[in-house]
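In: I'll drop the sequence and a predicted model, then ask my questions.
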Amino acid sequence: GPEDMDPAIWEKVKNHPCYSEEAHHHYARMHVAVAPACNIQCNYCNRKYDCANESRPGVVSEKLTPTQAAKKVLAVASTIPQMTVLGIAGPGDPLANPAKTFETFRQIMEAAPDIKLCLSTNGLALPDYVDEIAKYNVDHVTITINMVDPEIGQHIYPWIFWEHKRITGIEAARILTERQLRGLEMLTERGILAKINSVMIPGVNDQHLVEVNRAVKSRGAFLHNIMPLISAPEHGTVFGLNGQRGPTAQELKALQDSCEGEMNMMRHCRQCRADAVGLLGEDRSAEFTTDKIMEMEVEYDA
Ligand code: CLF
Ligand code: SF4
(Lines give C-alpha, C1' and ligand atoms only; values in the text may rest on other atoms or scores of the structure.)
(Ligands and ions follow the chains in the order given, each with its own letter.)
Protein backbone atom coordinates (compact mmCIF):
# COMPACT_ATOMS: atom_id res chain seq x y z
CA GLY A 1 0.00 0.00 0.00
CA PRO A 2 0.98 3.71 -0.22
CA GLU A 3 2.12 3.93 3.43
CA ASP A 4 5.22 1.78 2.90
CA MET A 5 6.20 2.97 -0.55
CA ASP A 6 8.08 5.84 -2.16
CA PRO A 7 5.31 8.14 -3.54
CA ALA A 8 6.87 8.21 -7.02
CA ILE A 9 6.77 4.41 -7.16
CA TRP A 10 3.25 4.26 -5.76
CA GLU A 11 2.13 6.53 -8.63
CA LYS A 12 3.46 3.95 -11.07
CA VAL A 13 1.95 0.87 -9.43
CA LYS A 14 -1.35 2.00 -7.92
CA ASN A 15 -3.40 1.24 -11.02
CA HIS A 16 -1.29 -1.52 -12.55
CA PRO A 17 -3.09 -4.83 -11.96
CA CYS A 18 0.10 -6.93 -12.01
CA TYR A 19 2.32 -4.66 -9.91
CA SER A 20 -0.22 -4.01 -7.17
CA GLU A 21 -2.21 -6.80 -5.56
CA GLU A 22 -4.93 -4.30 -4.61
CA ALA A 23 -5.13 -2.81 -8.09
CA HIS A 24 -5.91 -6.13 -9.70
CA HIS A 25 -9.43 -6.11 -8.27
CA HIS A 26 -10.21 -2.76 -9.89
CA TYR A 27 -8.04 -2.26 -12.96
CA ALA A 28 -7.76 -4.21 -16.18
CA ARG A 29 -4.93 -4.84 -18.61
CA MET A 30 -4.87 -5.88 -22.20
CA HIS A 31 -2.26 -7.46 -24.41
CA VAL A 32 -1.89 -7.03 -28.16
CA ALA A 33 -0.23 -9.90 -30.01
CA VAL A 34 2.02 -7.92 -32.36
CA ALA A 35 5.31 -9.79 -31.78
CA PRO A 36 5.43 -13.20 -33.48
CA ALA A 37 9.19 -13.87 -33.71
CA CYS A 38 11.47 -15.03 -30.92
CA ASN A 39 15.26 -14.95 -30.56
CA ILE A 40 15.64 -17.85 -28.12
CA GLN A 41 14.12 -21.27 -27.53
CA CYS A 42 12.74 -22.23 -24.12
CA ASN A 43 11.87 -25.84 -23.41
CA TYR A 44 8.53 -24.74 -21.92
CA CYS A 45 7.39 -22.62 -24.86
CA ASN A 46 4.23 -23.00 -26.86
CA ARG A 47 3.72 -19.34 -27.91
CA LYS A 48 0.16 -19.09 -26.72
CA TYR A 49 0.66 -17.64 -23.28
CA ASP A 50 2.71 -14.70 -22.37
CA CYS A 51 4.45 -12.28 -20.15
CA ALA A 52 5.00 -15.36 -18.17
CA ASN A 53 6.02 -16.91 -21.45
CA GLU A 54 4.02 -19.82 -20.14
CA SER A 55 2.48 -22.97 -21.47
CA ARG A 56 -1.18 -23.70 -21.11
CA PRO A 57 -3.66 -25.15 -23.58
CA GLY A 58 -5.65 -22.63 -25.53
CA VAL A 59 -6.48 -20.95 -28.77
CA VAL A 60 -3.81 -19.34 -30.90
CA SER A 61 -4.02 -15.58 -30.59
CA GLU A 62 -4.85 -13.38 -33.55
CA LYS A 63 -1.72 -11.55 -34.72
CA LEU A 64 -2.17 -7.83 -35.26
CA THR A 65 -0.34 -5.06 -37.11
CA PRO A 66 0.59 -2.01 -35.00
CA THR A 67 -2.32 -0.03 -36.49
CA GLN A 68 -4.81 -2.81 -35.81
CA ALA A 69 -3.40 -3.07 -32.30
CA ALA A 70 -3.79 0.67 -31.64
CA LYS A 71 -7.36 0.53 -32.91
CA LYS A 72 -8.06 -2.40 -30.65
CA VAL A 73 -6.65 -0.56 -27.65
CA LEU A 74 -8.95 2.40 -28.28
CA ALA A 75 -11.94 0.12 -28.78
CA VAL A 76 -11.25 -1.72 -25.54
CA ALA A 77 -10.55 1.49 -23.61
CA SER A 78 -13.89 2.92 -24.70
CA THR A 79 -15.69 -0.27 -23.63
CA ILE A 80 -13.81 -1.13 -20.41
CA PRO A 81 -13.12 2.10 -18.50
CA GLN A 82 -10.97 0.26 -15.89
CA MET A 83 -8.46 -0.60 -18.64
CA THR A 84 -5.29 1.19 -17.50
CA VAL A 85 -2.43 -0.90 -18.92
CA LEU A 86 -1.46 -2.06 -22.38
CA GLY A 87 1.14 -4.81 -22.42
CA ILE A 88 3.07 -6.31 -25.31
CA ALA A 89 4.02 -9.81 -24.31
CA GLY A 90 4.16 -11.98 -27.37
CA PRO A 91 3.35 -14.39 -28.77
CA GLY A 92 7.14 -14.33 -29.34
CA ASP A 93 9.52 -11.80 -27.79
CA PRO A 94 8.58 -8.10 -28.16
CA LEU A 95 12.24 -7.06 -28.48
CA ALA A 96 12.84 -9.62 -31.24
CA ASN A 97 10.17 -7.62 -33.14
CA PRO A 98 11.33 -4.11 -32.26
CA ALA A 99 9.81 -2.27 -35.23
CA LYS A 100 6.33 -3.66 -34.56
CA THR A 101 6.57 -3.27 -30.81
CA PHE A 102 7.75 0.33 -30.79
CA GLU A 103 5.47 1.42 -33.63
CA THR A 104 2.55 0.04 -31.58
CA PHE A 105 3.73 1.97 -28.51
CA ARG A 106 4.18 5.13 -30.58
CA GLN A 107 0.65 5.01 -31.97
CA ILE A 108 -0.90 4.29 -28.58
CA MET A 109 1.15 6.97 -26.84
CA GLU A 110 -0.20 9.50 -29.34
CA ALA A 111 -3.80 8.34 -29.45
CA ALA A 112 -4.27 7.43 -25.77
CA PRO A 113 -1.55 9.06 -23.64
CA ASP A 114 -3.21 8.04 -20.34
CA ILE A 115 -2.70 4.34 -20.96
CA LYS A 116 0.35 2.90 -19.22
CA LEU A 117 2.65 0.87 -21.44
CA CYS A 118 4.11 -2.43 -20.30
CA LEU A 119 6.50 -4.87 -21.91
CA SER A 120 7.56 -8.42 -21.20
CA THR A 121 10.78 -9.90 -22.59
CA ASN A 122 13.20 -12.79 -22.27
CA GLY A 123 15.89 -10.10 -21.90
CA LEU A 124 18.34 -11.21 -24.59
CA ALA A 125 17.93 -8.01 -26.60
CA LEU A 126 17.05 -5.80 -23.64
CA PRO A 127 20.34 -3.85 -23.21
CA ASP A 128 20.04 -2.69 -26.84
CA TYR A 129 16.55 -1.25 -26.29
CA VAL A 130 16.52 0.34 -22.84
CA ASP A 131 16.85 3.84 -24.33
CA GLU A 132 13.99 3.18 -26.74
CA ILE A 133 11.87 1.79 -23.89
CA ALA A 134 12.52 4.96 -21.88
CA LYS A 135 11.65 7.13 -24.89
CA TYR A 136 8.12 5.70 -25.07
CA ASN A 137 7.55 6.16 -21.33
CA VAL A 138 7.27 2.43 -20.77
CA ASP A 139 7.22 2.37 -16.97
CA HIS A 140 6.97 -1.38 -16.47
CA VAL A 141 9.21 -4.08 -17.90
CA THR A 142 9.01 -7.78 -17.06
CA ILE A 143 12.07 -9.96 -17.65
CA THR A 144 11.64 -13.71 -17.51
CA ILE A 145 14.70 -14.96 -15.63
CA ASN A 146 14.84 -18.66 -14.85
CA MET A 147 18.50 -19.01 -13.87
CA VAL A 148 21.69 -17.09 -13.18
CA ASP A 149 23.88 -20.19 -13.65
CA PRO A 150 24.60 -21.33 -17.23
CA GLU A 151 25.03 -24.95 -16.02
CA ILE A 152 21.34 -24.87 -15.12
CA GLY A 153 20.40 -22.66 -18.06
CA GLN A 154 21.56 -25.23 -20.61
CA HIS A 155 18.69 -27.51 -19.46
CA ILE A 156 16.09 -24.79 -19.99
CA TYR A 157 17.31 -23.12 -23.20
CA PRO A 158 18.44 -25.33 -26.11
CA TRP A 159 19.60 -22.30 -28.13
CA ILE A 160 19.65 -18.55 -28.57
CA PHE A 161 19.97 -16.55 -31.78
CA TRP A 162 22.64 -13.98 -31.14
CA GLU A 163 24.68 -11.73 -33.45
CA HIS A 164 23.37 -13.56 -36.54
CA LYS A 165 24.30 -16.99 -35.20
CA ARG A 166 22.57 -19.82 -33.42
CA ILE A 167 24.40 -20.58 -30.18
CA THR A 168 23.72 -23.65 -28.05
CA GLY A 169 24.58 -25.16 -24.67
CA ILE A 170 26.33 -23.46 -21.78
CA GLU A 171 27.61 -20.65 -24.01
CA ALA A 172 24.03 -19.73 -24.98
CA ALA A 173 22.89 -19.68 -21.35
CA ARG A 174 25.95 -17.64 -20.32
CA ILE A 175 25.19 -14.92 -22.89
CA LEU A 176 21.50 -14.93 -21.95
CA THR A 177 22.07 -14.51 -18.22
CA GLU A 178 24.64 -11.74 -18.76
CA ARG A 179 22.26 -9.84 -21.03
CA GLN A 180 19.28 -10.29 -18.69
CA LEU A 181 21.14 -9.01 -15.63
CA ARG A 182 22.74 -6.13 -17.50
CA GLY A 183 19.33 -5.17 -18.91
CA LEU A 184 17.88 -5.21 -15.39
CA GLU A 185 20.66 -2.96 -14.10
CA MET A 186 20.07 -0.52 -16.98
CA LEU A 187 16.33 -0.36 -16.23
CA THR A 188 17.05 0.28 -12.55
CA GLU A 189 19.47 3.09 -13.43
CA ARG A 190 16.73 4.79 -15.45
CA GLY A 191 14.03 4.37 -12.80
CA ILE A 192 11.95 1.97 -14.92
CA LEU A 193 10.17 -0.58 -12.72
CA ALA A 194 11.26 -4.13 -13.39
CA LYS A 195 9.36 -7.25 -12.49
CA ILE A 196 11.02 -10.64 -12.78
CA ASN A 197 9.01 -13.66 -13.82
CA SER A 198 10.54 -17.07 -13.13
CA VAL A 199 9.12 -20.40 -14.18
CA MET A 200 9.59 -23.01 -11.42
CA ILE A 201 10.73 -26.28 -13.00
CA PRO A 202 11.09 -29.09 -10.42
CA GLY A 203 14.47 -30.81 -10.49
CA VAL A 204 15.85 -28.19 -12.90
CA ASN A 205 15.77 -24.73 -11.27
CA ASP A 206 13.53 -25.06 -8.20
CA GLN A 207 16.37 -25.00 -5.66
CA HIS A 208 18.20 -22.38 -7.69
CA LEU A 209 15.41 -19.78 -7.79
CA VAL A 210 16.34 -18.53 -4.31
CA GLU A 211 19.69 -17.53 -5.80
CA VAL A 212 17.90 -15.91 -8.77
CA ASN A 213 15.78 -13.99 -6.26
CA ARG A 214 18.90 -12.63 -4.54
CA ALA A 215 20.55 -11.71 -7.85
CA VAL A 216 17.55 -9.73 -9.09
CA LYS A 217 16.86 -8.08 -5.76
CA SER A 218 20.44 -6.80 -5.54
CA ARG A 219 20.01 -5.27 -9.02
CA GLY A 220 16.90 -3.34 -8.06
CA ALA A 221 14.00 -5.51 -9.27
CA PHE A 222 10.72 -4.29 -7.80
CA LEU A 223 8.74 -7.53 -7.78
CA HIS A 224 9.42 -11.25 -8.26
CA ASN A 225 6.74 -13.49 -9.73
CA ILE A 226 7.57 -17.19 -9.43
CA MET A 227 5.11 -19.17 -11.53
CA PRO A 228 4.57 -22.90 -11.88
CA LEU A 229 5.66 -24.73 -15.02
CA ILE A 230 2.45 -26.00 -16.54
CA SER A 231 3.49 -29.12 -18.28
CA ALA A 232 1.40 -31.73 -20.02
CA PRO A 233 2.22 -33.72 -23.16
CA GLU A 234 -0.80 -32.36 -25.07
CA HIS A 235 0.63 -28.82 -24.81
CA GLY A 236 3.45 -29.88 -27.09
CA THR A 237 6.28 -28.25 -25.16
CA VAL A 238 9.65 -29.99 -24.99
CA PHE A 239 9.31 -30.31 -21.23
CA GLY A 240 5.79 -31.70 -21.61
CA LEU A 241 6.91 -34.30 -24.13
CA ASN A 242 9.85 -35.27 -21.89
CA GLY A 243 7.48 -35.96 -19.03
CA GLN A 244 8.87 -33.05 -16.98
CA ARG A 245 6.34 -32.32 -14.22
CA GLY A 246 5.26 -28.95 -12.88
CA PRO A 247 5.44 -28.10 -9.16
CA THR A 248 2.58 -28.80 -6.77
CA ALA A 249 0.76 -25.84 -5.23
CA GLN A 250 2.54 -26.62 -1.92
CA GLU A 251 5.99 -26.64 -3.53
CA LEU A 252 5.28 -23.33 -5.25
CA LYS A 253 4.05 -21.69 -2.07
CA ALA A 254 7.03 -22.97 -0.05
CA LEU A 255 9.44 -21.41 -2.56
CA GLN A 256 7.51 -18.11 -2.67
CA ASP A 257 7.49 -18.05 1.14
CA SER A 258 11.24 -18.62 1.32
CA CYS A 259 11.83 -15.63 -0.99
CA GLU A 260 9.30 -13.37 0.77
CA GLY A 261 11.06 -10.93 3.05
CA GLU A 262 13.92 -10.76 0.57
CA MET A 263 11.63 -8.76 -1.73
CA ASN A 264 8.01 -8.31 -2.83
CA MET A 265 6.60 -11.50 -4.27
CA MET A 266 3.72 -11.50 -6.74
CA ARG A 267 1.16 -14.18 -5.93
CA HIS A 268 -1.83 -13.15 -8.04
CA CYS A 269 -0.44 -13.82 -11.55
CA ARG A 270 -2.97 -15.53 -13.82
CA GLN A 271 -0.54 -16.59 -16.56
CA CYS A 272 -2.26 -14.58 -19.25
CA ARG A 273 -2.70 -15.20 -22.94
CA ALA A 274 -0.83 -13.09 -25.52
CA ASP A 275 -4.12 -11.36 -26.38
CA ALA A 276 -5.73 -11.25 -22.94
CA VAL A 277 -8.27 -8.48 -22.29
CA GLY A 278 -9.93 -7.56 -19.00
CA LEU A 279 -9.35 -7.97 -15.28
CA LEU A 280 -6.72 -10.58 -14.38
CA GLY A 281 -8.36 -13.97 -14.52
CA GLU A 282 -11.06 -12.70 -16.84
CA ASP A 283 -10.77 -13.16 -20.59
CA ARG A 284 -12.78 -10.85 -22.79
CA SER A 285 -10.59 -11.20 -25.89
CA ALA A 286 -13.44 -12.83 -27.86
CA GLU A 287 -15.36 -9.53 -27.68
CA PHE A 288 -12.55 -7.71 -29.47
CA THR A 289 -11.61 -9.71 -32.55
CA THR A 290 -10.46 -7.67 -35.54
CA ASP A 291 -13.82 -8.17 -37.28
CA LYS A 292 -15.70 -6.81 -34.28
CA ILE A 293 -13.34 -3.88 -33.83
CA MET A 294 -13.75 -2.87 -37.46
CA GLU A 295 -17.51 -2.69 -36.84
CA MET A 296 -17.08 -0.53 -33.74
CA GLU A 297 -17.19 3.23 -34.15
CA VAL A 298 -13.78 4.27 -32.86
CA GLU A 299 -12.17 7.47 -34.06
CA TYR A 300 -8.64 6.66 -35.09
CA ASP A 301 -6.22 7.82 -37.75
CA ALA A 302 -2.84 6.09 -37.75
FE1 CLF B 1 0.73 -7.87 -19.25
FE2 CLF B 1 2.70 -8.82 -17.91
FE3 CLF B 1 2.46 -6.20 -18.22
FE4 CLF B 1 0.83 -7.57 -16.64
S5 CLF B 1 0.41 -9.64 -17.55
S6 CLF B 1 2.84 -7.62 -19.85
S7 CLF B 1 3.03 -7.30 -16.33
S8 CLF B 1 0.26 -6.04 -18.18
FE9 CLF B 1 0.37 -9.99 -15.14
FE10 CLF B 1 -0.59 -11.76 -16.74
FE11 CLF B 1 0.90 -12.54 -14.76
FE12 CLF B 1 1.95 -11.22 -16.74
S13 CLF B 1 -1.07 -11.55 -14.56
S14 CLF B 1 1.04 -13.22 -16.92
S15 CLF B 1 2.31 -10.87 -14.56
FE1 SF4 C 1 8.72 -19.02 -26.25
FE2 SF4 C 1 8.85 -16.77 -24.86
FE3 SF4 C 1 10.79 -18.58 -24.64
FE4 SF4 C 1 10.53 -17.17 -26.87
S5 SF4 C 1 11.05 -16.37 -24.84
S6 SF4 C 1 10.88 -19.38 -26.74
S7 SF4 C 1 8.28 -16.98 -27.03
S8 SF4 C 1 8.65 -18.83 -24.01
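Out: Everything's here; your move. Ligands and ions are numbered 1, 2, ... in the order given.
In: so which bits of this protein are right by ligand 2?
Out: Contact residues, the chain versus ligand 2 (C-beta under 6 Å from any ligand atom): 38, 40-42, 45, 47, 53, 90, 92-93, 122. Glycine gets a C-beta too; all of them are placed from N, C-alpha and C.
In: just so I have it, where are all the strands in the chain?
Out: Taking DSSP state E as the test, the strands found in the chain are 28-31, 40-41, 83-88, 116-121, 138-144, 159-162, 165-168, 193-200, 223-228, 277-278.
In: got those strands as TSV, with distance to ligand 1 and mean pLDDT columns?
Out: Listed next are the strands of the chain as TSV, based on distance: least, C-beta to the nearest ligand atom, whole Å; pLDDT from 0 to 100:
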stretch	distance to ligand 1	mean pLDDT
strand 28-31	4	92
strand 40-41	18	94
strand 83-88	3	94
strand 116-121	3	96
strand 138-144	5	96
strand 159-162	21	96
strand 165-168	27	97
strand 193-200	6	96
strand 223-228	5	95
strand 277-278	11	88
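In: in the chain, where's the longest helix?
Out: Identified as the longest helix of the chain according to DSSP state H is helix 169-189.
In: give me the buried positions along the lowest-mean-pLDDT helix or strand in the chain.
Out: Across the helices and strands of the chain, mean confidence by mean pLDDT, DSSP states H and E is lowest for helix 290-295: a mean of 77. Within helix 290-295, the residues that count as buried by 16 or more other C-beta atoms under 10 Å are residue 293.
In: and stretch 191-210, by the same measure?
Out: So for stretch 191-210, counting by 16+ other C-beta under 10 Å, buried means 192-202, 204-206, 208-209.
In: ok, residue 99 - contacts?
Out: Taking C-beta atoms under 8 Å, 6 or more residues apart in numbering, we find residue 99 in contact with no residue.
In: measure it to residue 119 for me?
Out: Distance, residue 99 to residue 119, using C-beta to C-beta, to the nearest Å: 14 Å.
In: all helices for the stretch 1-150 of the chain, in order.
Out: Assigned by DSSP state H, counting those that start in this stretch, the stretch 1-150 of the chain shows helices spanning 7-13, 66-79, 98-111, 126-135, 150-153.
In: looking at these, which is buried most?
Out: Most buried of the helices of the stretch 1-150 of the chain by mean neighbour count (mean count of other C-beta atoms under 10 Å) is helix 66-79; its value is a mean of 21.
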